[in-house]
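Participant: sequence-free structure coming up:
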């Protein structure tokens, strides 16, 4: 069994003897033996330690579009895994069985960084994704895996809410090749009421990734009827994205289904996603997508210059491919933002479980 407890850097001692975790804006204050809200960072021996290093709830090979990432080697395979816990408290969590778990038995699989990197390479995966729960809370493990992956020319992807303090933000995203950040809404009311967090640190993270790193960035917003799907909010959000991040950052608008503590809420109509996509494109977002519904037009990539279909998608399956070897539109030569192979890759359309030996 891989070692599961490691010391961490981001904490300091307060005058009253408590230790404050400085990983995220939650700044949990811990007595000896106490865990933070994330569950996997605990005060032990007068340090804050990560108690889930090398442990996972399972490893699966997915198509990269499932993360979702549509401009980071489309059609390629990605080895995905997560742990237990989360530093947000989203009432609508779609992976609550892992992110809200308070049982270390959830973490039944284990793998060291080098072992995981080799497994990804041997499975034909172009990248490894830290997903299902937020990798920020297990950043020491994620960063070590990223270092091992780069030795084998395997990329790494963070699927995250971006709720992290400035100093660890530098170390974490410097190690990542791509990130899909959940921009959960565009009001602090939503973040506080529904997620137990705040909007401003997430916006700071987005600007940092876009302007201070080489990490490829895409955004996802899960639209919940009556909560974050108004025309005004979507208009303000997408204008902010274009003004602060630029028109080339892809945005994914995905459908909510009743889960966790919001089981009484209705599912998101497909028309809401189409409306959000149109608002984004009208405001200058060049690549806007719909997700969690079958919508080939909303899932496909089009040239922002001439309008031609560049990458056809039906769920996670790729069809027509009209990019040249340099990631340019085959019709007009316009460069498409992102990272692309010379031709389409075709990952399995369904998750494939991987067991670590």
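Facilitator: That came through fine. In this text the structure is predicted, and so the values were computed from the model without any measurement. Numbering: from 1, shown residues only.

Participant: what's the burial count for the residue nearest to residue 265 when sequence neighbours are not counted?
Facilitator: Leaving aside its chain neighbours, residue 265 sits nearest to residue 258 (5.5 Å; criterion: C-beta to C-beta, 6 or more residues apart in numbering). Bear in mind the C-beta positions are built from the backbone N, C-alpha and C, glycine included. Applying other C-beta atoms under 10 Å, we find 13 residues neighbouring residue 258.

Participant: again, but for residue 15
Facilitator: With other C-beta under 10 Å as criterion, residue 15 counts 5.

Participant: same deal with residue 264?
Facilitator: By the criterion of other C-beta under 10 Å, residue 264 has 6 neighbours.

Participant: ok, it touching residue 258?
Facilitator: Yes: assessed by C-beta atoms under 8 Å, residue 264 is found in contact with residue 258 at 6.9 Å.

Participant: span of stretch 252-262 from start to end?
Facilitator: With C-alpha to C-alpha, to the nearest Å as the measure, the ends of stretch 252-262 fall 21 Å from one another.

Participant: chain center to that stretch: distance?
Facilitator: On the basis of C-alpha atoms, centre = their mean, to the nearest Å, stretch 252-262 sits 16 Å off its chain's mean C-alpha point.

Participant: buried sites along the helix or strand residue 310 falls within?
Facilitator: According to DSSP states H and E, residue 310 maps onto strand 309-314. For strand 309-314, the neighbour count (16 or more other C-beta atoms under 10 Å) marks 309-313 as buried.

Participant: and stretch 142-158, by the same measure?
Facilitator: Buried, per 16+ other C-beta under 10 Å, within stretch 142-158: 142-146, 148-149, 154-158.

Participant: what are the ranges of the helices in this protein?
Facilitator: All helices of the chain, identified by DSSP state H, fall at 96-99, 113-122, 139-151, 166-174, 188-190, 200-212, 231-244, 270-282, 296-299.

Participant: break this structure down into its domains, please.
Facilitator: 6-50, 56-299 (automatic domain parsing).

Participant: the last one: end-to-end distance?
Facilitator: Read it as domain 56-299. 30 Å.

Participant: same thing with stretch 53-71?
Facilitator: Stretch 53-71 end-to-end distance (C-alpha to C-alpha) = 30 Å.

Participant: what's the answer for stretch 252-267, then?
Facilitator: Termini of stretch 252-267 sit 17 Å apart (C-alpha to C-alpha).

Participant: which other residues reach it?
Facilitator: 68, 70, 90-94, 96, 100, 180, 218-227, 268, 270, 272-273, 276-277, 280, 288-293 (C-beta atoms under 8 Å, 6 or more residues apart in numbering).

Participant: and residue 44, how far from residue 55?
Facilitator: 16 Å (C-beta to C-beta, to the nearest Å).

Participant: do the same with residue 281
Facilitator: Taking C-beta to C-beta, one finds residue 281 at 42 Å from residue 55.

Participant: more neighbours: which of the two?
Facilitator: Using other C-beta under 10 Å as the criterion, residue 281 and residue 55 rank with residue 55 on top: 23 against 17.

Participant: quick check: the more buried one touching residue 110?
Facilitator: Yes: applying C-beta under 8 Å, one finds residue 55 in contact with residue 110, separated by 5.3 Å.
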